[in-house]
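In: The sequence and its predicted three-dimensional model are supplied below.
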Amino acid sequence: AACVPAAAPASAPAADAPAAPAAPAVLKGATVKFLGGPWSFLPALDGVIDAFANDWASQNNVTVTFERDAQVLPKIQAAIETGGGANIIQYSSPPAIFANALVNVKDLADELSAEGGGYLPNAPYQMVNGDKWLGVPIGQHNWFVNYRQDWLKEEGLDTFPDTWQDALTLGKKLKDKGRPYGLTLSDLAGGDGNAVPRIMLWAFGGKEFNDDGTLALDSKETLEALEFAIQLHNDACDPGQVGYDDGANNAAFLASKLSMTMNVNTIYLPAKEKNPDIAEGMNHALPPSGPGGRFGYGQLPWWGILNHTQGADLDAAMDLMRQFFSIKNFSAFYQAGQGYILPLLPNYENEPIWPEDPKLAIAKEMFKLALPAGHALPNQTKLAALIQDKIVIGKLFSQACSTGDARGALDSVMKDIADLELLA
């Protein structure tokens, strides 16, 4: 699970926040109000942000305030409507839904891109709207296979199968022993419910859009992915997975009820502290491949500046972001995350930010494998953003697996998308 309030906070090694450089004197007396959701699964990340921002504020005589709420969307909407209450916002759903309320940060994004070796395509795909950069991406959450390696060794395997078909074969054996998979094929999870169904959809050649912007979801490849998901659900998985929220698979895996799930590192890290036997017995793998290839999914949380921010407050918000997101300073954030959130700039590949734990080494492979929702588009449209925000692909897989009717589930979801088109 990622960027959602679902499980008890997990601890992570604290990273020393680098000293913030002084900003121009014109910033003195400015105020920057930060509004975002908490990093519920790894609160050490909030600590990195607070430490840097408070140091920067102290050096520059700027007031920085923090407001965090797990249900942050209504507060962002209120700030937009009232023209107050927040300057910098942190959010994990696509910024296109706020496009008219955000400052263009193209110059800042260009600076960061040049320093980092050019943003990976996922960043401009989601953050660019016309000639406007809507915000700065923090990085991307990538979903790994989390599996019980000790249980697989009982089946004669050292690692998780490389293909979905072989995963099905193994899963049948494990479920017969009371060790099912648990995949979040659900529309109740903003992180996992967007990630896991797409990883499977894309592996079978399905996709949400064509590159010309037309819908591509109603296809034989999508139906093949759904038919496979139905078989996997029935033969190898926990029946309750169609109703998982973002914390359900974490809890079930940590209770030794699942042999495999897909997640970021927020199962393994708390297990090291509180369930060491499970941490010892588990490992991570890349997502399985299918007829259409192997795909990861990346979800991009970001910072943006609301466009009612003016004058010295705007200059201060921009400078805070410029300093914090520079490689020398932002590396502390990635270090604290231990692979929870991965960079979008290739020059980080040689920075000392990568997990030293061999069970998390896969993070370095994942950060260039992942694609964003609606990836075939040149840039994320408002419709693509709404499909992600409403967890429509999760609903598609949940309905198909619940009913056993792939065609009926696809028809139902295509009607939902037609309704969203009216809003886009």
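Out: Okay, I see it.

In: In the protein, which residue is most central in space?
Out: residue 299 (3.1 Å; CA atoms, centre = their mean).

In: what bridges to it?
Out: For residue 299, the beta-bridge partners are residue 141 (DSSP bridges).

In: OK, contacts around residue 219?
Out: Counting by CB atoms under 8 Å, 6 or more residues apart in numbering, residue 219 makes contact with 205-207. Where C-beta positions appear, they are placed from N, C-alpha and C, glycine not excepted.

In: Make sure residue 87 is actually in contact with residue 318.
Out: No: here residue 87 does not reach residue 318: they are 10.0 Å apart, not a contact under CB atoms under 8 Å.

In: what is in contact with these two at once?
Out: Between them, residue 87 and residue 318 share the contacting residues residue 305, judged by CB under 8 Å, 6+ apart.

In: For the stretch 101-250 of the chain, which residues score under the pLDDT cut-off?
Out: Along the stretch 101-250 of the chain, the model assigns pLDDT under 70 to no residue.

In: hang on, the earlier thing: look at the residue nearest to the centre of the chain and report its pLDDT.
Out: As predicted, residue 299 sits at a pLDDT of 89.

In: Give the buried residues for stretch 210-228.
Out: Within stretch 210-228, the residues scored as buried using 16 or more other CB atoms under 10 Å are 215-217, 221-226, 228.

In: Over to stretch 196-215?
Out: Across stretch 196-215, burial judged by 16+ other CB under 10 Å covers 196-209, 215.

In: for stretch 263-274, same thing?
Out: Buried-residue list, stretch 263-274, by 16+ other CB under 10 Å: 263-272.

In: what do you get for stretch 111-121?
Out: 112-113, 116, 119-120.

In: For the stretch 251-400 of the chain, which segments count as strands?
Out: For the stretch 251-400 of the chain, the strands defined by DSSP state E, counting those that start in this stretch occupy 260-263, 282-285, 296-299, 302-305, 370-371.

In: Tell me the helices and strands packed up against the shortest one.
Out: I take that to be strand 370-371. strand 296-299 (3 or more CB pairs under 8 Å, 6 or more residues apart in numbering; DSSP states H and E).

In: check contacts around the nearest residue to residue 87 once chain neighbours are set aside.
Out: Among residues not flanking residue 87 along the chain, residue 309 sits closest, at 4.4 Å (CB to CB, 6 or more residues apart in numbering). The neighbourhood of residue 309, defined by CB under 8 Å, 6+ apart, consists of 87, 103, 317.

In: And for the second one, nearest residue in space, chain neighbours not counted?
Out: Taking CB to CB, 6+ apart, and ignoring the residues beside it in sequence, residue 103 has residue 305 as its nearest neighbour in space, at 4.1 Å.

In: what about that neighbour, how many residues close to it?
Out: 26 (other CB atoms under 10 Å).

In: Any idea what it is bridged to?
Out: Bridge pairing for residue 305 (DSSP bridges) gives the partners residue 88.

In: give the contact list for it.
Out: 87-89, 102-103, 105, 135, 314, 317-318, 321.

In: Can you pick out the residue with more neighbours from residue 87 and residue 318?
Out: When neighbours are counted by other CB under 10 Å, residue 87 and residue 318 differ, and residue 87 comes out ahead with 27 against 21.

In: roughly how far apart are the more buried one and residue 26?
Out: Taking CB to CB, to the nearest Å as the measure, residue 87 falls 16 Å from residue 26.

In: got it, and residue 50?
Out: Distance, residue 50 to residue 26, using CB to CB: 24 Å.

In: cool, residue 287 as well?
Out: 49 Å.

In: higher neighbour count, the two?
Out: Between residue 287 and residue 26, residue 287 has the larger neighbour count (other CB under 10 Å), namely 27 against 13.

In: sorry, back to before: the buried residues of stretch 210-228 into a markdown table, with extra columns for distance to residue 257 and secondary structure?
Out: A markdown table is the format used below for the buried residues of stretch 210-228 (distance: CB to CB, whole Å; DSSP: H, G, I helix; E, B strand; the rest coil):
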| residue | distance to residue 257 | secondary structure |
| --- | --- | --- |
| 215 | 37 | strand |
| 216 | 36 | coil |
| 217 | 32 | coil |
| 221 | 32 | helix |
| 222 | 30 | helix |
| 223 | 31 | helix |
| 224 | 29 | helix |
| 225 | 26 | helix |
| 226 | 25 | helix |
| 228 | 23 | helix |
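
In: All set, thanks.
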